[in-house]
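**Q** Below are the sequence and a predicted model; questions follow.
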Amino acid sequence: MKRTNILAALLVALSLISTGCGTSDYVQSIEITSTGSNSGGFFNLSGIDGTLQLVTNTVYHSGKTVPVTNSVTYTVMPVGCQSSGDPTSPCGAAMPAYSPTTVPINSTGLMTAVSAICTWIDLPSGTPPELPTPPQYNWLYTGYYQVTATYNGMVSQPVAIGVGSAAGNAPDGSCGPS
């Protein structure tokens, strides 16, 4: 009888241990977002010395998220061009390379517009594509900075961040949504 109880206890313990196999939670992806100026999913670094706070989270298989903003490495690639201000030929100068003198990102994920850059153009009303913005504006990217975050070898999805830290061609002289 004693052997039967010991054997039963061992089988129960083995059963409990084996049911946990394969169900441990793990990091499924890295997600980067911004808490700054946003117009319909388009992020804009608005105004000279304007800032955007980048937020990076690990997303676990279970759906749980854990902030890791202060532990990531950012990669920034310029895409497109600066706005010329001319809707018939919207592309002006090349996008400046990412550096501490353009739109640096500090260790807490804060991105700052240091250089005067405009990567938006206000197309005249009726010009396709019509974008869902305030009625007086029809903003279109000419360029942006594509930002990804890397954490423990995993890379986030990219986010596109336009810069409106210089004068633009809108009727009020603005550059991009605010």
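**A** In hand now; what should we look at?
**Q** Next one: the nearest residue to Gly47 once chain neighbours are set aside from Asp25, what distance?
**A** Leaving aside its chain neighbours, Gly47 sits nearest to Ser165 (5.8 Å; criterion: CB to CB, 6 or more residues apart in numbering). Backbone N, C-alpha and C define where each C-beta goes, glycine included. Separation of Ser165 from Asp25 (CB to CB, to the nearest Å): 41 Å.
**Q** more crowded one of these two?
**A** For the pair Ser165 and Asp25, the greater number of neighbours falls to Ser165 (23 against 10), based on other CB atoms under 10 Å.
**Q** Please report how far the spatially most central residue of the chain lies from Thr65.
**A** Central residue of the chain (CA atoms, centre = their mean): Val159, 3.5 Å from the mean position. Distance of Val159 to Thr65, given as CB to CB: 16 Å.
**Q** Residues contacting stretch 94-101, please?
**A** Here stretch 94-101 makes contact (CB atoms under 8 Å, 6 or more residues apart in numbering) with 76-82, 102, 114-115, 117, 119, 143-145.
**Q** And those, which of them are buried?
**A** Using 16 or more other CB atoms under 10 Å as the burial test, the contacts of stretch 94-101 include Val76, Pro78, Gly80, Cys81, Gln82, Thr102, Val114, Ile117, Thr119, Gly143, Tyr144, Tyr145 as buried.
**Q** you'd agree the residue nearest to Gly47 is up against Leu52?
**A** No: assessed by CB atoms under 8 Å, Ser165 is found out of contact with Leu52, at 11.4 Å.
**Q** Nice, that's everything, thank you.
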